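In: Kindly return the folded structure for what I paste below:
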Amino acid sequence: MRSTDPRWAALALALAAACTRPMPADPEPLIAEPAPRPTPTSTAPDPGDVDGDGLAAWADLCPDRAEDLDDHDDDDGCPDPDNDDDGRLDADDACPDQAETMNSVDDADGCPEAQAVVLGEPDVVTIAFRPGKTDVEAAARPVLDALAQTLVAHPEVQLVELAGLRTGDERRGGLELARARTVLAYLVARGVVAERLQVRAGDAPASSPRVEVRVRMAVRP
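Out: I've put the predicted structure just below:
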């Protein structure tokens, strides 16, 4: 039998209303934005390259000192402050890849001098000329430059003879002395004291036009 108690009727209505109420929609899940990835850089040193010179530590003979990349032994990984090992640092060396010739002639510039001319009896240095000419040829300049450097470096050589010669086909007219004086002027312009040089003409025609350089007096200290 259905109860007529009004309280039960109210309870039944409340239960019916609760069962027919729509369920709330599920909230959308929150999705976190992904963290930005670091941009790779090509300049970052290799983890195995301690000094950052581009060579891995296993191939680097100087892993704690960076290679100076100057086209001199760049594959060993070691800096080369003095490429030619002449005692002058490359920064102060006018010829960083050519060792200085330590001969008391311009030793501070770091460059080798021309090969020295050895003077002494009976050695003769020959300076060739073209037939009929008295000017110094380009091919003779390195010989004269080396001769001047030798004389400047050896002041004990007090007298050097410059004998000008002509061939039998050349006319007389002072070619011999003119050639000798041309050589004298060239040497004096490069630091040789003129009083140490003596010019003369050859006694007889020669096989080729030239000046012969001979030491006539050398006083050893």
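
In: From now on I want contacts and neighbour counts done on CA atoms only, so please keep to that.
Out: OK.

In: Under the pLDDT cut-off, which ranges of the protein? List them.
Out: 1-47, 101-107, 113-123, 217-221 (pLDDT under 70).

In: Tell me, domain by domain, which residues of this structure belong where.
Out: In terms of domains, the chain is parsed into 56-112, 125-218 (source: automatic domain parsing).

In: In CSV, list those domains along with distance to residue 50 and mean neighbour count.
Out: Below are the domains of the chain laid out as CSV (distance: least, CA to CA, whole Å; neighbours: other CA atoms under 10 Å):
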stretch, distance to residue 50, mean neighbour count
domain 56-112, 6, 17
domain 125-218, 49, 18
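
In: so which of the ones you listed comes closest to residue 49?
Out: Nearest to residue 49 among the domains of the chain is domain 56-112 (4.6 Å), distances taken as CA to CA.

In: returning to what we had before: would you list the domains of the chain in TSV and tack on distance to residue 48?
Out: Shown next, in TSV, are the domains of the chain (distance: least, CA to CA, whole Å):
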stretch	distance to residue 48
domain 56-112	5
domain 125-218	52
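
In: Just the helices from this structure, written as ranges.
Out: Ranges of helices in the chain, per DSSP state H, are 6-20, 141-153, 175-189.

In: Now residue 179. Nearest residue, chain neighbours left out?
Out: Using CA to CA, 6 or more residues apart in numbering and skipping the chain neighbours, the partner closest in space to residue 179 is residue 134 (4.9 Å).

In: if I look at residue 87, how far off is residue 191?
Out: Residue 87 is 27 Å from residue 191, where distance means CA to CA, to the nearest Å.
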